[in-house]
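Undergrad: This is the structure alone, sequence omitted:
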């Protein structure tokens, strides 16, 4: 197993779980990592004729995408993965340091840029494609590994189940811990 990469992925997904709890609870119900959730909120607002703050959701979605593009170019260089993760972590710190209130849109956009950079950086562990920023794809891949393990009896799929399961659990723990800290502080 690529132990360093796996351990690093667990740390990153924990941080993003806590970050999403922070953004959702304190930044107007927006997400830094789950752009699907932001897209859903935009569509619902438009369906209800409510065009307030749509631009802030769109800005977050755009900066997330730009973060992926920037990370693409950074990761092509020597030590690019490390630099990309440092950029992501820096974005999280800057976003959290922005005072709550009227600048929530800016904080969310900066953190979404970082999440996009992080998402592009670590994309597989031991040959299994992973995401260190969200869990929908990891859940799909884990359940596919369950099916493959049942049908083929190949133990490598048990390893995939372990990788995906621990990433998902670590994300959930990150959200939980982040929510507890926010509740205690606010």
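TA: Sure thing, it's come through. This one's a predicted model, so the numbers in the text were calculated from it and none came from an experiment.

Undergrad: CA atoms for contacts and neighbours, from now on please.
TA: Noted.

Undergrad: buried residues in the lengthiest helix in the chain?
TA: Taking DSSP state H as the criterion, the chain has its longest helix at helix 156-185. Buried residues in helix 156-185, counting neighbours by 16 or more other CA atoms under 10 Å, are found at 157-161, 163-165, 167-168, 170-179.

Undergrad: and what of stretch 56-72?
TA: If you call a residue buried by 16+ other CA under 10 Å, then stretch 56-72 has these buried ones: 56-68, 70-72.

Undergrad: Which of those fall within helices?
TA: Among the buried residues of stretch 56-72, the residues falling in helices (DSSP H) are 56-68, 70-72.

Undergrad: sec struct for the residue nearest the centre of the chain, please.
TA: By CA atoms, centre = their mean, the chain has its centre lying nearest to residue 133, at 2.2 Å. Put simply, residue 133 is coil when judged by DSSP: H, G, I helix; E, B strand; the rest coil.

Undergrad: Most widely separated two among the ones in helices among the buried residues of stretch 56-72?
TA: Farthest pair in those (CA to CA) is 56 and 72. Separation: 24.5 Å.

Undergrad: re earlier: pick out whichever of the ones in helices among the buried residues of stretch 56-72 sits closest to residue 103.
TA: Closest approach to residue 103 among these (CA to CA): residue 56, at 10.1 Å.

Undergrad: mind checking pLDDT for that closest one?
TA: If you check residue 56, the pLDDT there is 93.

Undergrad: How about the contacts made by it?
TA: 105, 109 (CA atoms under 8 Å, 6 or more residues apart in numbering).

Undergrad: switch the cut-off to 6 Å
TA: residue 105 (CA atoms under 6 Å, 6 or more residues apart in numbering).

Undergrad: Looks to me like residue 37 is in a helix.
TA: Yes. Read with three-state DSSP, residue 37 is one of the residues of a helix.

Undergrad: who's in contact with the closest residue to it other than its chain neighbours?
TA: Take residue 37 and drop its neighbours on the chain: the residue closest to it by CA to CA, 6 or more residues apart in numbering is residue 31, 7.1 Å away. Under the criterion of CA under 6 Å, 6+ apart, the neighbours of residue 31 are 20, 23, 24.

Undergrad: which residues sit against stretch 18-29?
TA: Here stretch 18-29 has contacts from 30, 31, 32, 104, 174, 175, 178, 179, using CA under 6 Å, 6+ apart.
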